[in-house]
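Student: Build me a model from this:
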Amino acid sequence: MTPTTTVTAHSSTCNSTSIFGQWLTNAWTLFKQAPFTLIVLVIASMIISGVFQAIPGALGILVSKYVGAMLIFVMWPMLDQIKRTKRLSFKNLGHYSGWKYMPIMALLFMLPFAVNVLTASMILGDSAMDLMFNGNIANVSATQMGLIFASGAIPLVLLSFVAPLIMLGNQTMVDATCKGLQMFAKAHKPMLIVLAIQMLSLFFAPHTFALSALLVAPLMLCLNYQAFHYLRAEK
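Tutor: Presented below is the predicted three-dimensional model:
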């Protein structure tokens, strides 16, 4: 490696860290506008999706994951309301476009669960289905659960900008998916930092009774919002 290459690589790393730092600073500012509301929204989304797990068998898990995926789309207009008005106004949510795409696009956002299932199969073998669809955690360590949870962060972060492009950017499903992946690719270095944080919070969730994911989720939601608008403005 030549000195020029070394300097260029170091400059690129510093630039990525600087961009992430800007996102994080702006995210913290947004979070402080309505911390209680944001935490309640995250908890409510977990409860709402979790209720459907009461449906017997694998159907309950699948419905729960599907509802959870739809709630990802709901979060973006709510967060946009908080950013613009410093409060949440449900009556203004109808002003956002993209609701008609939500039921179909939620299927794509079940990809993290699919990756969870695949990872569980690789780690646990035949007992993976019993864990993922029946909730049988017997003989499954917290570390194994953490690895399974963390694997879902990869597609989740990869699709970070698809939902806001639909809900806030007035994009069609195909355009939002393509442009969302392009935005991730364009800012892949700072987004890899986001991915690392998401994976760590999910990995430690079984060790902390989900507190790590619960505490990080509201700030990460704000961070994704700021990253989205940063990349849109830069474009």
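Student: Work out which residue lies at the spatial centre of the protein.
Tutor: Using C-alpha atoms, centre = their mean, the residue of the chain that lies closest to the mean C-alpha position is residue 156, 4.9 Å off.
Student: wait, doesn't that one sit right on residue 112?
Tutor: Yes: using C-beta atoms under 8 Å, residue 156 is in contact with residue 112, at 4.6 Å. (C-beta placed from N, C-alpha, C; glycine too.)
Student: between those two, what contacts are shared?
Tutor: Taking C-beta atoms under 8 Å, 6 or more residues apart in numbering as the contact rule, residue 156 and residue 112 touch no residue in common.
Student: about what we covered before: can I get the CA coordinates of whichever strand or helix holds the residue nearest to the centre of the chain in CSV?
Tutor: For residue 156, the enclosing helix or strand under DSSP states H and E is helix 153-158. C-alpha atoms of helix 153-158 as CSV (Å, rounded to 0.1, in the frame of the first residue of the first chain):
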residue,chain,number,x,y,z
ALA,A,153,-30.2,-6.2,11.5
ILE,A,154,-28.5,-6.8,8.2
PRO,A,155,-31.6,-6.6,5.9
LEU,A,156,-33.2,-4.2,8.2
VAL,A,157,-30.4,-1.6,7.8
LEU,A,158,-30.0,-2.4,4.1
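Student: Return the list of helices and strands in contact with that helix.
Tutor: helix 111-124, helix 173-186, helix 188-203 (3 or more C-beta pairs under 8 Å, 6 or more residues apart in numbering; DSSP states H and E).
Student: Any chance of CSV for these, columns mean pLDDT?
Tutor: Compiled in CSV, the helices and strands packed on helix 153-158 are given as follows (pLDDT from 0 to 100):
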stretch, mean pLDDT
helix 111-124, 97
helix 173-186, 96
helix 188-203, 95
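Student: Can you tell me which of these is nearest to residue 85?
Tutor: Using C-beta to C-beta as the criterion, the shortest distance between residue 85 and the helices and strands packed on helix 153-158 is 24.7 Å, found for helix 173-186.
Student: Pull the residues that contact the closest one.
Tutor: Helix 173-186 is contacted by residues 101, 104-105, 108, 157-163, 165-166, 169, 171, 191, 228, 231 when judged by C-beta under 8 Å, 6+ apart.
Student: mind redoing it with 7 Å?
Tutor: Residues lying outside helix 173-186 but in contact with it, judged by C-beta atoms under 7 Å, 6 or more residues apart in numbering, are 101, 104-105, 158-162, 165-166, 171, 191, 231.
Student: now it against helix 188-203, angle please.
Tutor: An angle of 100 degrees separates the directions of helix 173-186 and helix 188-203 when computed by axes from the mean of the first three to the mean of the last three C-alpha atoms, to 10 degrees.
Student: Would you mark the buried spots in helix 173-186?
Tutor: Of the residues in helix 173-186, those buried by neighbour count under the rule 16 or more other C-beta atoms under 10 Å are 173, 176-177, 179-180, 183-184.
Student: Ok, stretch 140-158 next?
Tutor: Buried residues in stretch 140-158, counted by 16+ other C-beta under 10 Å: 140, 144-158.
Student: likewise stretch 102-111?
Tutor: Within stretch 102-111, the residues that qualify as buried are 102, 105-106, 109-111, counting by 16+ other C-beta under 10 Å.
Student: And those, which is closest to residue 135?
Tutor: When these are compared against residue 135 (criterion: C-beta to C-beta), the nearest one is residue 110, at 17.5 Å.
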